[in-house]
Structures are given as structure tokens and as C-alpha cells.
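Trainee: Make a model of this:
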Amino acid sequence: MAIAHVLFEEGLVAVSERLKPLIAGLDTHVLKYMRDLGYDVPNSTPTGKRYAQIESVVLELADKAGMGGAEFDLDIWRRYSSRGRA
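Mentor: Just a heads-up that it's a prediction; the model follows:
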């Protein structure tokens with residue numbers, strides 16, 4: 001990720017690009033999304049090494065989509081919520 005350019009205006013700091021945390025929540029909707037893409041993931045949130053493996057893939061997908069983990073998670077949730085089920 002490029003270093004964010006910071007602009008100082010009237011005591012306020014404006015960051016020119018969004019910061020993308022390197023964490024991803026593996027809720028049931030994210031896991032369903034992964035299964036729909038063909039990944040072999042469990043139905044419920046994994047733990048330990050398996051969590052880290054899946055999280056790495058999710059963060060890679062988020063990065064390719066130009067999003068951080070939280071933004072990607074929200075996008076998936078919106079697609080899979082009862083109102084916008086894919």
C-alpha cells in the first residue's frame with residue numbers, strides 16, 4: 001500500500017487514500033460467499049491456523065476489489081442479507 005499523503009488545512013488532517021486494515025471477520029455470510037466462489041471453507045467460523053489461512057484469502061480478494069477488510073465484509077453482507085440475497 002502506498003504511503004498516504006496527508007494535507008493540513010485549518011488544523012484538520014485529510015488522508016488522501018483510505019487506510020485498509022489487515023484483518024477480516026469470517027462471519028457466516030463471508031464463509032458462504034467463499035463457498036459460492038468454490039473455496040473449501042467451513043459453515044461456521046474456524047479458529048487458529050485455518051482462520052488465518054482463510055482470512056489471508058479474503059484480504060487478497062478485498063485488495064483485488066480495491067477495498068479494506070471491513071468494507072469488503074460490508075459489501076458481501078449487503079449482497080447476502082435477506083433484502084439483497086444474491
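Trainee: And the helices in this structure?
Mentor: Secondary structure of the chain (DSSP state H): helices at 28-36, 48-64, 69-80.
Trainee: By mean pLDDT, show me the worst of the ones you listed.
Mentor: Mean pLDDT is lowest for helix 69-80 out of the helices of the chain, coming in at a mean of 89.
Trainee: Let me know whether T28 touches S44 as I believe.
Mentor: Yes: here T28 reaches S44: they are 7.0 Å apart, a contact under CB atoms under 8 Å. C-beta: built from backbone N, CA, C; applies to glycine.
Trainee: Could you tell me the end-to-end distance of stretch 35-49?
Mentor: Across stretch 35-49, the terminal residues are separated by 19 Å (CA to CA, to the nearest Å).
Trainee: quick one: contacts of it?
Mentor: With contact meaning CB atoms under 8 Å, 6 or more residues apart in numbering, stretch 35-49 is reached by L26, D27, T28, L31, M34, R50, Y51, I54, V57, A86.
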